[in-house]
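Trainee: The sequence and its predicted three-dimensional model are supplied below.
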2 protein chains.
Amino acid sequence: MSCEPEIAQAVRDRGRRLTIQRAKILSALRHASDHQSAEQILDRVRDNDPHADISLSTVYRTLETSTDLHLTSELRGASGISVYEWNDPGTTHHHLECRDCGRTEEVDLSALQLAEAEIRERSGFQADIRHLAIPGLCVDCGPDDG
Amino acid sequence: MSCEPEIAQAVRDRGRRLTIQRAKILSALRHASDHQSAEQILDRVRDNDPHADISLSTVYRTLETSTDLHLTSELRGASGISVYEWNDPGTTHHHLECRDCGRTEEVDLSALQLAEAEIRERSGFQADIRHLAIPGLCVDCGPDDG
DNA sequence: AGTGCTCCTGCGAAGATTCGCAGGAGGCGA
DNA sequence: TCGCCTCCTGCGAATCTTCGCAGGAGCACT
(Lines give C-alpha, C1' and ligand atoms only; values in the text may rest on other atoms or scores of the structure.)
Protein backbone atom coordinates (compact mmCIF):
# COMPACT_ATOMS: atom_id res chain seq x y z
CA MET A 1 0.00 0.00 0.00
CA SER A 2 1.11 3.47 -0.77
CA CYS A 3 1.39 4.67 2.77
CA GLU A 4 4.02 2.18 3.78
CA PRO A 5 6.90 4.43 2.76
CA GLU A 6 5.34 7.07 5.00
CA ILE A 7 5.41 4.66 7.91
CA ALA A 8 8.95 3.61 7.14
CA GLN A 9 10.05 7.22 6.97
CA ALA A 10 8.30 8.10 10.20
CA VAL A 11 9.95 5.28 12.07
CA ARG A 12 13.43 5.93 10.71
CA ASP A 13 13.19 9.69 11.08
CA ARG A 14 12.78 9.08 14.77
CA GLY A 15 15.93 7.01 14.95
CA ARG A 16 14.31 3.60 15.20
CA ARG A 17 14.77 0.62 12.98
CA LEU A 18 12.18 -0.39 10.47
CA THR A 19 11.58 -4.08 10.88
CA ILE A 20 9.16 -6.25 8.96
CA GLN A 21 7.15 -6.67 12.13
CA ARG A 22 6.85 -2.97 12.80
CA ALA A 23 5.87 -2.24 9.23
CA LYS A 24 3.11 -4.83 9.28
CA ILE A 25 1.80 -3.91 12.70
CA LEU A 26 1.73 -0.20 12.00
CA SER A 27 0.26 -0.69 8.56
CA ALA A 28 -2.53 -2.81 10.00
CA LEU A 29 -3.36 -0.13 12.54
CA ARG A 30 -3.02 2.63 9.96
CA HIS A 31 -5.70 1.05 7.82
CA ALA A 32 -8.09 0.20 10.59
CA SER A 33 -11.10 2.44 10.66
CA ASP A 34 -11.17 2.70 14.42
CA HIS A 35 -9.21 1.78 17.49
CA GLN A 36 -8.03 -1.78 17.91
CA SER A 37 -6.79 -3.95 20.72
CA ALA A 38 -3.39 -5.61 20.51
CA GLU A 39 -5.01 -8.91 19.68
CA GLN A 40 -7.20 -7.41 16.98
CA ILE A 41 -4.17 -5.82 15.41
CA LEU A 42 -2.40 -9.15 15.36
CA ASP A 43 -5.44 -10.73 13.70
CA ARG A 44 -5.37 -8.05 11.04
CA VAL A 45 -1.71 -8.61 10.40
CA ARG A 46 -2.41 -12.30 9.92
CA ASP A 47 -5.35 -11.59 7.64
CA ASN A 48 -3.20 -9.38 5.46
CA ASP A 49 -0.40 -11.89 5.34
CA PRO A 50 -1.07 -15.44 6.45
CA HIS A 51 2.66 -16.08 6.50
CA ALA A 52 3.25 -13.41 9.10
CA ASP A 53 4.35 -14.96 12.33
CA ILE A 54 4.52 -12.15 14.82
CA SER A 55 4.27 -12.55 18.54
CA LEU A 56 1.87 -10.68 20.72
CA SER A 57 4.80 -9.36 22.75
CA THR A 58 6.09 -7.65 19.66
CA VAL A 59 2.71 -6.09 19.00
CA TYR A 60 2.70 -4.64 22.50
CA ARG A 61 6.28 -3.45 22.22
CA THR A 62 5.73 -1.89 18.82
CA LEU A 63 2.67 -0.07 20.05
CA GLU A 64 4.54 1.19 23.07
CA THR A 65 7.36 2.44 20.90
CA SER A 66 5.11 4.03 18.30
CA THR A 67 3.10 5.73 21.02
CA ASP A 68 6.31 7.23 22.38
CA LEU A 69 6.99 8.40 18.86
CA HIS A 70 3.51 9.93 18.58
CA LEU A 71 2.66 7.75 15.63
CA THR A 72 -0.11 6.06 17.58
CA SER A 73 -2.11 6.58 20.75
CA GLU A 74 -3.09 4.23 23.49
CA LEU A 75 -6.40 4.45 25.27
CA ARG A 76 -7.28 2.38 28.26
CA GLY A 77 -11.01 2.34 28.58
CA ALA A 78 -13.13 1.24 31.49
CA SER A 79 -13.22 -2.24 29.97
CA GLY A 80 -9.72 -2.71 31.26
CA ILE A 81 -8.23 -3.57 27.92
CA SER A 82 -6.07 -1.15 25.98
CA VAL A 83 -6.91 -0.02 22.49
CA TYR A 84 -4.69 1.76 20.03
CA GLU A 85 -5.23 4.04 17.10
CA TRP A 86 -3.23 5.70 14.39
CA ASN A 87 -2.48 9.41 14.83
CA ASP A 88 -3.12 11.50 11.79
CA PRO A 89 -0.30 14.05 11.96
CA GLY A 90 -1.34 17.60 12.66
CA THR A 91 -4.72 16.66 14.02
CA THR A 92 -5.61 16.31 17.65
CA HIS A 93 -8.72 14.87 19.12
CA HIS A 94 -9.86 13.64 22.46
CA HIS A 95 -12.06 10.80 23.50
CA LEU A 96 -15.20 11.19 25.54
CA GLU A 97 -15.97 7.92 27.22
CA CYS A 98 -19.38 7.38 28.74
CA ARG A 99 -19.06 5.60 32.03
CA ASP A 100 -22.55 4.22 31.71
CA CYS A 101 -22.79 2.72 28.24
CA GLY A 102 -19.07 2.64 27.52
CA ARG A 103 -19.32 4.21 24.09
CA THR A 104 -16.76 6.77 23.05
CA GLU A 105 -17.01 9.80 20.84
CA GLU A 106 -14.33 12.14 19.61
CA VAL A 107 -13.99 15.90 19.88
CA ASP A 108 -11.53 18.61 19.10
CA LEU A 109 -11.16 21.00 21.97
CA SER A 110 -9.64 24.41 21.67
CA ALA A 111 -9.87 24.90 25.43
CA LEU A 112 -7.22 22.28 25.91
CA GLN A 113 -4.71 24.30 23.93
CA LEU A 114 -5.18 26.94 26.58
CA ALA A 115 -4.49 24.37 29.23
CA GLU A 116 -1.13 23.57 27.68
CA ALA A 117 -0.17 27.22 27.87
CA GLU A 118 -1.47 27.53 31.40
CA ILE A 119 0.54 24.54 32.54
CA ARG A 120 3.74 25.74 30.96
CA GLU A 121 3.37 29.20 32.44
CA ARG A 122 2.60 27.96 35.86
CA SER A 123 5.10 25.17 36.33
CA GLY A 124 7.33 24.98 33.28
CA PHE A 125 6.03 21.53 32.51
CA GLN A 126 5.76 20.98 28.81
CA ALA A 127 2.44 19.24 28.52
CA ASP A 128 1.42 17.23 25.53
CA ILE A 129 -2.34 17.36 25.34
CA ARG A 130 -3.14 15.71 22.07
CA HIS A 131 -5.06 12.71 23.10
CA LEU A 132 -6.92 12.51 26.34
CA ALA A 133 -9.54 10.08 27.50
CA ILE A 134 -12.18 12.10 29.27
CA PRO A 135 -14.81 10.32 31.34
CA GLY A 136 -18.39 11.46 31.72
CA LEU A 137 -21.94 10.77 30.64
CA CYS A 138 -23.10 10.86 27.06
CA VAL A 139 -26.32 12.49 25.89
CA ASP A 140 -28.25 9.24 26.03
CA CYS A 141 -27.11 8.33 29.53
CA GLY A 142 -27.23 11.84 31.02
CA PRO A 143 -29.52 12.74 33.93
CA ASP A 144 -31.94 14.64 31.68
CA ASP A 145 -32.68 11.49 29.83
CA GLY A 146 -32.99 8.79 32.37
CA MET B 1 -9.86 7.61 63.49
CA SER B 2 -12.25 10.46 63.30
CA CYS B 3 -12.71 10.38 59.59
CA GLU B 4 -14.14 6.89 59.47
CA PRO B 5 -17.70 8.07 59.98
CA GLU B 6 -17.14 10.33 56.99
CA ILE B 7 -16.14 7.38 54.89
CA ALA B 8 -19.05 5.32 56.14
CA GLN B 9 -21.43 8.11 55.36
CA ALA B 10 -20.00 8.65 51.90
CA VAL B 11 -20.34 5.00 51.00
CA ARG B 12 -23.85 4.62 52.34
CA ASP B 13 -25.07 7.90 50.90
CA ARG B 14 -24.27 6.48 47.52
CA GLY B 15 -26.36 3.41 48.12
CA ARG B 16 -23.54 0.96 48.74
CA ARG B 17 -22.95 -1.21 51.74
CA LEU B 18 -20.33 -0.39 54.25
CA THR B 19 -18.33 -3.52 54.89
CA ILE B 20 -15.38 -3.97 57.19
CA GLN B 21 -13.18 -4.46 54.16
CA ARG B 22 -14.29 -1.30 52.44
CA ALA B 23 -13.86 0.73 55.60
CA LYS B 24 -10.32 -0.52 56.12
CA ILE B 25 -9.29 -0.15 52.51
CA LEU B 26 -10.67 3.34 52.13
CA SER B 27 -9.32 4.42 55.48
CA ALA B 28 -5.85 3.22 54.53
CA LEU B 29 -5.96 5.18 51.31
CA ARG B 30 -7.49 8.20 53.01
CA HIS B 31 -4.54 8.44 55.36
CA ALA B 32 -1.84 7.82 52.80
CA SER B 33 0.11 10.92 51.93
CA ASP B 34 0.30 10.12 48.26
CA HIS B 35 -1.01 7.68 45.69
CA GLN B 36 -0.71 3.99 46.38
CA SER B 37 -0.88 0.81 44.36
CA ALA B 38 -3.41 -1.88 45.19
CA GLU B 39 -0.71 -3.93 46.83
CA GLN B 40 0.60 -1.02 48.87
CA ILE B 41 -2.89 -0.33 50.11
CA LEU B 42 -3.26 -3.94 51.18
CA ASP B 43 0.04 -3.70 53.05
CA ARG B 44 -1.18 -0.62 54.86
CA VAL B 45 -4.40 -2.33 55.82
CA ARG B 46 -2.37 -5.17 57.29
CA ASP B 47 -0.06 -2.79 59.10
CA ASN B 48 -3.01 -1.03 60.68
CA ASP B 49 -4.64 -4.26 61.67
CA PRO B 50 -2.63 -7.45 61.58
CA HIS B 51 -5.82 -9.45 61.92
CA ALA B 52 -7.20 -8.04 58.70
CA ASP B 53 -7.47 -10.76 56.12
CA ILE B 54 -8.52 -9.04 52.96
CA SER B 55 -7.93 -10.35 49.50
CA LEU B 56 -6.31 -8.41 46.72
CA SER B 57 -9.41 -8.92 44.58
CA THR B 58 -11.42 -7.06 47.16
CA VAL B 59 -8.94 -4.22 47.14
CA TYR B 60 -9.29 -3.91 43.38
CA ARG B 61 -13.06 -4.15 43.53
CA THR B 62 -13.34 -1.61 46.32
CA LEU B 63 -11.14 0.82 44.45
CA GLU B 64 -13.17 0.38 41.30
CA THR B 65 -16.37 1.01 43.19
CA SER B 66 -15.05 4.00 45.09
CA THR B 67 -13.68 5.50 41.90
CA ASP B 68 -17.14 5.23 40.34
CA LEU B 69 -18.42 6.98 43.44
CA HIS B 70 -15.80 9.72 43.08
CA LEU B 71 -14.36 8.96 46.47
CA THR B 72 -11.03 7.98 44.92
CA SER B 73 -9.21 8.31 41.62
CA GLU B 74 -7.26 5.83 39.61
CA LEU B 75 -4.16 6.79 37.67
CA ARG B 76 -2.42 4.46 35.32
CA GLY B 77 1.07 5.73 34.85
CA ALA B 78 3.62 4.76 32.26
CA SER B 79 4.94 2.14 34.67
CA GLY B 80 1.95 0.05 33.74
CA ILE B 81 0.71 -0.34 37.27
CA SER B 82 -2.30 1.55 38.56
CA VAL B 83 -2.16 3.82 41.56
CA TYR B 84 -5.03 5.24 43.53
CA GLU B 85 -5.58 8.28 45.67
CA TRP B 86 -8.20 9.75 47.91
CA ASN B 87 -10.28 12.60 46.49
CA ASP B 88 -10.67 15.55 48.77
CA PRO B 89 -14.19 16.68 48.05
CA GLY B 90 -14.53 20.02 46.34
CA THR B 91 -10.97 20.10 45.10
CA THR B 92 -9.79 19.11 41.67
CA HIS B 93 -6.30 18.59 40.49
CA HIS B 94 -4.58 17.01 37.58
CA HIS B 95 -1.40 15.04 37.26
CA LEU B 96 1.48 15.97 35.03
CA GLU B 97 3.51 12.91 34.30
CA CYS B 98 6.97 13.28 32.81
CA ARG B 99 7.52 10.66 30.17
CA ASP B 100 11.25 10.87 30.68
CA CYS B 101 11.84 10.60 34.41
CA GLY B 102 8.38 9.33 35.33
CA ARG B 103 7.83 11.78 38.15
CA THR B 104 4.44 13.37 38.57
CA GLU B 105 3.41 16.76 39.81
CA GLU B 106 -0.01 18.16 40.50
CA VAL B 107 -1.74 21.28 39.19
CA ASP B 108 -5.07 22.97 39.31
CA LEU B 109 -6.14 24.10 35.90
CA SER B 110 -8.86 26.61 35.29
CA ALA B 111 -8.62 26.08 31.55
CA LEU B 112 -10.04 22.63 31.99
CA GLN B 113 -13.22 24.01 33.45
CA LEU B 114 -13.64 25.77 30.13
CA ALA B 115 -13.17 22.49 28.36
CA GLU B 116 -16.07 20.95 30.27
CA ALA B 117 -18.32 23.76 29.12
CA GLU B 118 -17.03 23.52 25.57
CA ILE B 119 -17.71 19.82 25.43
CA ARG B 120 -21.21 20.11 26.79
CA GLU B 121 -22.08 22.88 24.39
CA ARG B 122 -20.72 21.10 21.43
CA SER B 123 -21.95 17.57 21.89
CA GLY B 124 -24.12 17.42 24.97
CA PHE B 125 -21.64 15.10 26.62
CA GLN B 126 -21.40 15.76 30.31
CA ALA B 127 -17.68 15.56 30.88
CA ASP B 128 -16.16 15.01 34.26
CA ILE B 129 -12.74 16.60 34.19
CA ARG B 130 -11.59 16.39 37.75
CA HIS B 131 -8.63 14.17 37.51
CA LEU B 132 -6.64 13.80 34.35
CA ALA B 133 -3.22 12.30 33.79
CA ILE B 134 -1.44 14.59 31.37
CA PRO B 135 1.78 13.41 29.73
CA GLY B 136 4.68 15.66 28.85
CA LEU B 137 8.16 16.70 29.87
CA CYS B 138 8.99 18.23 33.21
CA VAL B 139 11.29 21.20 33.69
CA ASP B 140 14.31 19.03 34.36
CA CYS B 141 13.79 16.82 31.33
CA GLY B 142 12.66 19.51 28.89
CA PRO B 143 14.62 20.39 25.73
CA ASP B 144 16.01 23.62 27.23
CA ASP B 145 17.76 21.63 29.83
CA GLY B 146 18.90 18.42 28.32
C1' DA C 1 28.47 -6.10 -1.04
C1' DG C 2 30.66 -7.15 3.67
C1' DT C 3 31.15 -6.25 8.67
C1' DG C 4 29.88 -5.13 13.21
C1' DC C 5 27.32 -2.77 16.65
C1' DT C 6 23.10 -2.53 18.63
C1' DC C 7 18.41 -2.79 18.66
C1' DC C 8 14.52 -5.98 17.95
C1' DT C 9 12.13 -10.30 18.11
C1' DG C 10 10.14 -14.75 19.86
C1' DC C 11 9.58 -17.47 23.56
C1' DG C 12 8.28 -18.55 28.01
C1' DA C 13 7.52 -16.96 32.52
C1' DA C 14 6.14 -13.49 35.70
C1' DG C 15 3.30 -9.81 37.11
C1' DA C 16 -1.02 -7.15 37.26
C1' DT C 17 -5.90 -7.12 36.94
C1' DT C 18 -10.41 -9.12 36.13
C1' DC C 19 -13.87 -12.79 36.38
C1' DG C 20 -17.05 -16.64 38.14
C1' DC C 21 -18.79 -18.99 41.77
C1' DA C 22 -20.35 -20.33 46.26
C1' DG C 23 -20.80 -18.78 50.83
C1' DG C 24 -21.22 -14.75 54.20
C1' DA C 25 -22.80 -10.36 55.93
C1' DG C 26 -25.08 -5.47 55.58
C1' DG C 27 -29.22 -3.08 56.02
C1' DC C 28 -34.27 -2.62 55.23
C1' DG C 29 -38.77 -3.79 56.84
C1' DA C 30 -41.51 -6.20 60.26
C1' DT D 1 -34.28 -7.59 67.54
C1' DC D 2 -35.15 -11.06 63.55
C1' DG D 3 -35.25 -12.55 58.82
C1' DC D 4 -34.57 -12.02 54.14
C1' DC D 5 -32.86 -10.21 49.99
C1' DT D 6 -29.13 -8.87 47.77
C1' DC D 7 -24.69 -7.26 47.50
C1' DC D 8 -20.03 -8.28 48.80
C1' DT D 9 -16.05 -11.28 49.71
C1' DG D 10 -12.40 -14.88 49.16
C1' DC D 11 -10.60 -18.12 46.34
C1' DG D 12 -8.74 -19.78 42.26
C1' DA D 13 -8.55 -19.43 37.41
C1' DA D 14 -8.42 -16.70 33.33
C1' DT D 15 -6.97 -12.79 30.87
C1' DC D 16 -4.11 -8.95 29.68
C1' DT D 17 0.42 -6.97 29.71
C1' DT D 18 5.26 -6.78 30.80
C1' DC D 19 9.87 -8.74 31.43
C1' DG D 20 14.40 -11.37 30.69
C1' DC D 21 17.14 -13.78 27.76
C1' DA D 22 19.36 -15.64 23.76
C1' DG D 23 19.51 -15.35 18.91
C1' DG D 24 18.50 -12.58 14.51
C1' DA D 25 18.41 -8.56 11.63
C1' DG D 26 18.58 -3.33 10.41
C1' DC D 27 21.59 0.15 9.19
C1' DA D 28 25.96 2.93 9.20
C1' DC D 29 30.42 2.59 7.58
C1' DT D 30 33.73 0.79 4.54
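Mentor: Great, that's in hand.
Trainee: drop to CA atoms for contacts and neighbour counts, all remaining ones
Mentor: Noted.
Trainee: can you tell if the host helix or strand of A:Ser57 touches chain B?
Mentor: Assigned by DSSP states H and E, A:Ser57 falls within helix A:56-68. No: Helix A:56-68 stays clear of chain B (CA under 8 Å from any CA of the partner chain), getting no nearer than 8.6 Å.
Trainee: residues of that helix that come out buried?
Mentor: Neighbour-count burial for helix A:56-68 flags A:59-60, A:62-67 (criterion: 16 or more other CA atoms under 10 Å in any protein chain shown).
Trainee: Of those, which is the nearest to DNA strand D?
Mentor: Proximity of the buried residues of helix A:56-68 to DNA strand D (CA to the nearest atom of the strand) peaks at A:Tyr60, which lies at 5.1 Å.
Trainee: Now do the same contact list for the residue nearest to that closest one when sequence neighbours are not counted.
Mentor: Nearest in space to A:Tyr60, with sequence neighbours left out and distances taken as CA to CA, 6 or more residues apart in numbering or on different chains, is A:Ala38 at 6.5 Å. Going by CA atoms under 8 Å, 6 or more residues apart in numbering or on different chains, A:Ala38 touches A:56, A:59-60, A:82-84.
Trainee: mind redoing it with 7 Å?
Mentor: By CA atoms under 7 Å, 6 or more residues apart in numbering or on different chains, A:Ala38 lies in contact with A:59-60, A:83.
Trainee: A:His95 too?
Mentor: Taking CA under 7 Å, 6+ apart as the test, what A:His95 contacts is A:104-107, A:132-134.
Trainee: Doesn't it lie inside a strand?
Mentor: Yes: using DSSP: H, G, I helix; E, B strand; the rest coil, the assignment for A:His95 is a strand.
Trainee: Can you say which helix or strand has the residue nearest to the spatial centre of chain A in it?
Mentor: For chain A, the residue sitting closest to the mean C-alpha position, by CA atoms, centre = their mean, is A:Ser73 at 2.3 Å. The secondary structure element spanning A:Ser73 is strand A:72-76 (assigned by DSSP H and E).
Trainee: what does A:Pro5 give?
Mentor: With DSSP H and E as the test, A:Pro5 turns up in helix A:4-13.
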